[in-house]
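Novice: Just to be clear, the model below is a prediction. Sequence and coordinates:
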Amino acid sequence: MACAGTARGETSQRMERKLRNRILIFLALAGLVAYLLVRLSGRQPVAKIMAVKPIRENLVASVSSNGKVEPISPFVVRAQLDTFVERIYVTEGQAVKKGQLLLEMDVKDAAARMAQAQSRLLQAQDDLRAALGGGRSDAAAKASGDLAKALAERDRVKRNHDALQRLIAQQAATKDELAANELELTKAQAEVDRLSAAKQEFDRSVKLDAGKYQLAVQQAQNEVAALNDKVRDGRIVAPADGTLYSLPVKQGDFVKVGDLLAEMADLHQVRVRAFVDEPELGGLEPNESVRITWDALPNRSWDGKTTAIPKQVVPRGSRSVGELLCSVNNEKLELLPNINVEVRISARERNGVLTVPRSAVGSSGGMRYVFVVKDGGINVGKNTLEKRPIVVGIADAANYEVIAGLSGGELVALPGDFDLRDGMLVKVTNPDASDSLGRSNGN
């Protein structure tokens with residue numbers, strides 16, 4: 001019996017030792033895991049951020065941007081020849097009437113060359129008339145007269161030849177006289193042939209001259225017309241009623257063809273080209289109200305309407321913008337072309353909508369998102385960020401309307417010194433948000 005009791009005791013002790021060893025091993029492993037978790041957690045940098053809760057409020061959508069004033073239908077006057085500005089009759093900013101003389105250019109050289117061209121035109125026209133009339137009267141008369149005289153002489157000699165032949169038949173003349181007459185007749189016929197050829201050549205040259213003089217008349221007319229245009233272009237007149245808002249030249253300046261001389265337009269109605277950032281373009285519509293302000297007149301504002309919504313986005317410095325066109329009433333002519341103004345476009349209004357700060361909303365590939373602050377789990381005292389897609393509605397200068405993707409009780413991270421990313425460990429530093437997060441985690 002004693003041996004049996006001893007055996008049972010030893011068995012019990014061995015089981016207790018095994019159980020104790022297992023407990024010690026488990027505790028050691030748990031401690032090691034806890035140590036490793038603490039070490040690993042401590043190695044990750046924890047970004048300190050601020051966070052806000054979405055709130056419900058009334059929102060009036062508006063877009064603020066910068067813009068530039070432009071005339072709606074400008075008239076641009078450019079130099080038509082290389083010359084000097086001889087005289088200026090107006091000043092920049094002056095109201096002018098259609099046809100009013102603005103500047104005179106130095107066209108003395110063009111006027112002198114036009115007088116010479118007109119003289120050449122008159123001569124060419126006179127030559128053409130002569131050619132069409134059969135040639136110059138003196139030359140034509142000489143050619144015709146010489147031929148007629150030669151024909152008369154040949155006919156006279158021929159009559160003598162016929163008479164001598166009859167006299168020889170009657171033995172009243174000698175053969176020597178007939179031979180002398182035949183020689184004279186041959187010479188007379190040769191002269192007739194020569195002068196006939198000369199007359200034909202004269203007539204042919206007259207026809208050729210008619211074509212040549214006709215071309216000369218046309219060339220002279222074109223030259224006179226071109227020089228006349230240059231002389232006329234030396235007088236710069238207003239193409240329409242309006243305000244002369246740009247006059248970049250002064251008396252005595254030398255200008256080349258195409259140089260700007262003046263710009264004018266009716267400035268009672270102007271256009272403002274507003275440069276709207278890409279994220280703001282979605283809510284723009286035609287005929288929305290626009291308010292224009294200008295730093296040079298801080299107590300004044302001008303009202304207008306949107307007229308053309310941007311169809312593309314273009315780079316402007318470091319920005320990506322759409323160019324929105326607005327029509328603005330400028331009855332007092334206070335807004336000047338090319339000045340820089342501030343533009344505020346009013347849009348829709350929502351009451352009691354859920355909103356988040358604009359700074360908390362990011363954009364990527366046409367998607368809007370926020371970073372929601374979540375419980376950090378095993379990272380005691382820390383939180384993680386969840387990148388959450390949201391659907392936004394209208395916006396004002398400070399906030400976006402949240403249509404879907406976010407509830408009022410959640411916390412949204414605000415950007416700071418760190419680039420926020422999904423799964424990032426953070427610590428919320430503003431007390432009101434931390435308390436709200438703590439209560440939410442406790443629940």
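Specialist: Yep, it's here.

Novice: Give me the packing partners of the lengthiest helix in the chain, helices and strands only.
Specialist: The longest helix of the chain (DSSP state H) is helix 175-233. Packing contacts for helix 175-233, counted by 3 or more Cβ pairs under 8 Å, 6 or more residues apart in numbering; DSSP states H and E, involve helix 108-132, helix 137-169. Every residue, glycine included, has its C-beta placed from N, CA and C.

Novice: Please identify the most buried of these.
Specialist: helix 108-132 (a mean of 16; mean count of other Cβ atoms under 10 Å).

Novice: which regions of the stretch 251-400 of the chain sit below the pLDDT cut-off?
Specialist: Within the stretch 251-400 of the chain, the segments meeting pLDDT under 70 span 347, 376-381.

Novice: Next secondary structure after the longest helix of the chain?
Specialist: Using DSSP states H and E, the helix or strand that follows helix 175-233 towards the C-terminus is strand 235-237.

Novice: mean confidence for that following strand?
Specialist: Strand 235-237 shows a mean pLDDT of 89.

Novice: neighbouring strands for it, and are they parallel or not?
Specialist: strand 101-105 (antiparallel) (DSSP bridges).

Novice: How is the chain partitioned into domains?
Specialist: 47-61+352-442, 64-73+267-347, 75-98+238-265, 108-233 (automatic domain parsing).

Novice: got these as TSV, with distance to Glu16 columns?
Specialist: Shown next, in TSV, are the domains of the chain (distance: least, Cβ to Cβ, whole Å):
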stretch	distance to Glu16
domain 47-61+352-442	34
domain 64-73+267-347	72
domain 75-98+238-265	105
domain 108-233	120
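
Novice: out of those domains, nearest to Arg20?
Specialist: domain 47-61+352-442 (29.2 Å; Cβ to Cβ).

Novice: all helices in the stretch 251-400 of the chain, in order from the N-terminus.
Specialist: Assigned by DSSP state H, counting those that start in this stretch, the helices in the stretch 251-400 of the chain number zero.

Novice: ok so, going back, could I get the helices and strands packed on helix 175-233 as CSV with mean pLDDT and distance to Ile345?
Specialist: Converted to CSV, the helices and strands packed on helix 175-233 look like this (pLDDT from 0 to 100; distance: least, Cβ to Cβ, whole Å):
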stretch, mean pLDDT, distance to Ile345
helix 108-132, 73, 52
helix 137-169, 74, 83
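
Novice: With distance to Ser301 added, can I get those helices in a markdown table?
Specialist: Below are these laid out as a markdown table (distance: least, Cβ to Cβ, whole Å):
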| stretch | distance to Ser301 |
| --- | --- |
| helix 108-132 | 51 |
| helix 137-169 | 83 |
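
Novice: Tell me who's in contact with Gly67.
Specialist: Residues in contact with Gly67 (Cβ atoms under 8 Å, 6 or more residues apart in numbering) are Val272, Arg273, Ala274, Phe275, Ile292, Leu324, Cys326, Asn340, Val341, Glu342, Val343.

Novice: Can you tell me which of those residues is closest to Glu182?
Specialist: Distances from Glu182 to the contacts of Gly67, taken by Cβ to Cβ, are shortest for Arg273, at 102.8 Å.

Novice: Which residues are in contact with that closest one?
Specialist: Gly67, Lys68, Glu70, Glu323, Leu324, Leu325, Cys326.

Novice: Near the fourth one, how many other residues are there?
Specialist: This points to Glu323. 18 (other Cβ atoms under 10 Å).

Novice: same check, this time on the third one
Specialist: Taking other Cβ under 10 Å as the criterion, the count of residues near Glu70 is 15.

Novice: next one: the second one
Specialist: Other residues within reach of Lys68, judged by other Cβ under 10 Å, total 16.

Novice: again, but for the fifth one
Specialist: Leu324 is surrounded by 26 other residues when neighbours are defined as other Cβ under 10 Å.

Novice: bridging residues for it?
Specialist: Ala274.

Novice: Hmm, Ala308 and it touching each other?
Specialist: Yes. Counting by Cβ atoms under 8 Å, Ala308 is a contact partner of Leu324 at 7.2 Å.

Novice: one step back: out of the contacts of Arg273, which one sits closest to Ile55?
Specialist: For the contacts of Arg273, the nearest to Ile55 is Leu324 (30.2 Å; Cβ to Cβ).

Novice: For Arg344, see how far away that closest one is.
Specialist: 12 Å (Cβ to Cβ, to the nearest Å).

Novice: tell me, what's touching the two both at once?
Specialist: Common neighbours of Leu324 and Arg344 (Cβ under 8 Å, 6+ apart) do not exist.

Novice: ok, Leu27 - contacts?
Specialist: Leu27 sits in contact with no residue, where contact means Cβ under 8 Å, 6+ apart.

Novice: how about it, secondary structure?
Specialist: Following DSSP: H, G, I helix; E, B strand; the rest coil, Leu27 is assigned to helix.

Novice: What's the local residue count around Trp302?
Specialist: 22.

Novice: my bad, Ser246
Specialist: Using other Cβ under 10 Å: Ser246 sits among 20 other residues.

Novice: For it, give its distance to Lys98.
Specialist: 18 Å.

Novice: cool, Ala398 as well?
Specialist: 50 Å.

Novice: can you check Ser65 too?
Specialist: Distance from Ser65 to Lys98, by Cβ to Cβ: 36 Å.

Novice: Could you do Met424 as well?
Specialist: 68 Å.

Novice: residues contacting Glu288?
Specialist: Lys305, Thr306, Ile345, Ser346, Ala347.

Novice: residues in contact with the third one?
Specialist: The reference is to Ile345. Ile345 touches 62-65, 274, 276, 284, 288-290, 306, 324, 326, counting by Cβ under 8 Å, 6+ apart.

Novice: In terms of helices and strands, where is the residue nearest to Val249 when sequence neighbours are not counted?
Specialist: Closest residue in space to Val249, ignoring its immediate chain neighbours: Val85 at 5.2 Å, by Cβ to Cβ, 6 or more residues apart in numbering. In the assignment (DSSP H and E), Val85 maps to strand 83-88.

Novice: partners of the helix or strand following that strand in the sheet?
Specialist: Sequence-wise, the next helix or strand downstream of strand 83-88 (DSSP H and E) is strand 95-96. Strand pairing for strand 95-96, using DSSP bridges, gives strand 242-246 (antiparallel).

Novice: chain center to the strand it pairs with: distance?
Specialist: 22 Å (Cα atoms, centre = their mean, to the nearest Å).

Novice: tell me the mean pLDDT over it?
Specialist: 92.

Novice: Mind listing residues that contact it?
Specialist: By Cβ under 8 Å, 6+ apart, strand 242-246 touches 71, 75, 90-96, 102, 238, 260, 262-267, 333, 336-337.

Novice: same thing with stretch 317-333?
Specialist: Counting by Cβ under 8 Å, 6+ apart, 65, 67, 69, 72, 243, 267-278, 281, 284, 290, 292, 302-310, 312-315, 335, 343, 345 sit against stretch 317-333.

Novice: Might you report the residue contacts of Asp422?
Specialist: Phe371, Leu385, Glu386, Lys387.
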